[in-house]
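Asks: here you go, sequence then predicted model.
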Amino acid sequence: MFKKITRKHLEVFLKRHESDKKTLDIGSGGSLYRYDRFFPNRVTVDIDPARNPEIIGDIHNLPFQNEEFEVVLCVEVLEHVLDPRKAIAEMHRVLKKGGTLVLTTRFVYPIHDAPHDYWRFTKYGLQELFKDWNVQELVPETHTFSALAILFQRIAYQTKLRFNAPVKFKLFLFAWIFNRMNWLVKSEYGDIKKETKESDIVTSGYYLVCKKL
């Protein structure tokens, strides 16, 4: 009941795209997710030396040669960069032609890593940002009710409440229940007039895999 819903989804996604190729792992210093299980031949770079990366560097100006890596891993970073377009251009530069970018980012999600939390991305925004790449996969992290479950979890994690412990237990219980309610959704729409069919109108984030052309 108390396990992070996002972590389970993320680990399944990364496992599916694991690689032993030379990988640049951006913003991963001090990560709790242990990406090295899936990308053993990785180099970690992070702007914050306190996170103990192998190399200190800024995603807007990566300290690497052109086409140095076969895989670039960018997990939960894009929402934290000041200039997403410049960051994407830098990832493109250091990636070999035909190389793979594996990226995750947030959509409906609370403020985290404050104050360095700047953006949220729809799938349409990501399609625009990566229009010069060969996008092979762009999928929601969760379905609609599971996204609400994640919000309940994050409220419990990130607040102090009146009657704190019993209220938080109820929030985790609500999360457990809502995470199992996606079957209720028959149709979703991108507008309140229900004129445009859509799917997963509320999702916690998106997972993207694309190739450098």
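Replies: Thanks, I have it.
Asks: over to Asn61: give its phi and psi.
Replies: phi -150, psi 70 (degrees, to the nearest 10).
Asks: and the gap between the spatially closest residue to it that is not a sequence neighbour and Asn164?
Replies: Once flanking residues are discounted, Asn61 sits nearest to Glu90: 6.8 Å by CB to CB, 6 or more residues apart in numbering. Yep, even glycine has a C-beta here, placed from its N, CA and C like the rest. In this view, Glu90 and Asn164 are 43 Å apart by CB to CB, to the nearest Å.
Asks: if you count what's nearby, which of those two comes out ahead?
Replies: Neighbour tally, Glu90 and Asn164, criterion other CB atoms under 10 Å: the higher count belongs to Glu90, 21 against 11.
Asks: which one is Asp36 nearest to, not counting chain neighbours?
Replies: Nearest to Asp36 is Arg42, by CB to CB, 6+ apart, at 6.2 Å.
Asks: do you know the pLDDT at the one you found?
Replies: On the pLDDT scale, Arg42 is placed at 92.
Asks: tell me which other helices or strands the lengthiest strand in the chain touches.
Replies: Longest strand in the chain by number of residues (criterion: DSSP state E): strand 95-106. Where contact means 3 or more CB pairs under 8 Å, 6 or more residues apart in numbering; DSSP states H and E, strand 95-106 is packed against helix 5-16, strand 69-75, strand 205-211.
Asks: residue contacts, the residue nearest to Asn61?
Replies: Residues in contact with Glu90, defined by CB atoms under 8 Å, 6 or more residues apart in numbering, are 59-62.
Asks: how far off centre is the helix or strand where it lies?
Replies: In the assignment (DSSP states H and E), Glu90 maps to helix 84-94. With CA atoms, centre = their mean, to the nearest Å as the basis, helix 84-94 stands 16 Å off its chain's centre.
Asks: the helices in this structure, which residues?
Replies: 5-16, 84-94, 123-129, 144-158, 164-178 (DSSP state H).
Asks: re earlier: in the longest strand of the chain, what's buried?
Replies: Buried residues in strand 95-106, counting neighbours by 16 or more other CB atoms under 10 Å, are found at 95-96, 99-106.
Asks: now, which of those residues sits nearest Ser19?
Replies: Closest approach to Ser19 among the buried residues of strand 95-106 (CB to CB): Thr100, at 7.4 Å.
Asks: tell me which of the helices of the chain sits most buried.
Replies: Burial of those is given as mean neighbour count (mean count of other CB atoms under 10 Å); helix 144-158 ranks first at a mean of 20.
Asks: so how far is that helix from its chain's centroid?
Replies: That offset, for helix 144-158, works out to 15 Å (CA atoms, centre = their mean).
Asks: do the same with stretch 150-163
Replies: For stretch 150-163 - counting by CA atoms, centre = their mean - the centre lies 21 Å from the chain centre.
Asks: any chance you could list what contacts it?
Replies: Contacts to stretch 150-163, defined as CB under 8 Å, 6+ apart, come from residues 4-6, 108-110, 112, 142, 167-168, 171-172, 174-175, 178, 204.
Asks: wait, which of those residues is closest to Ile26?
Replies: His112 (17.2 Å).
Asks: could you count how many residues lie near the closest one?
Replies: Neighbours of His112 under the rule other CB under 10 Å: 14.
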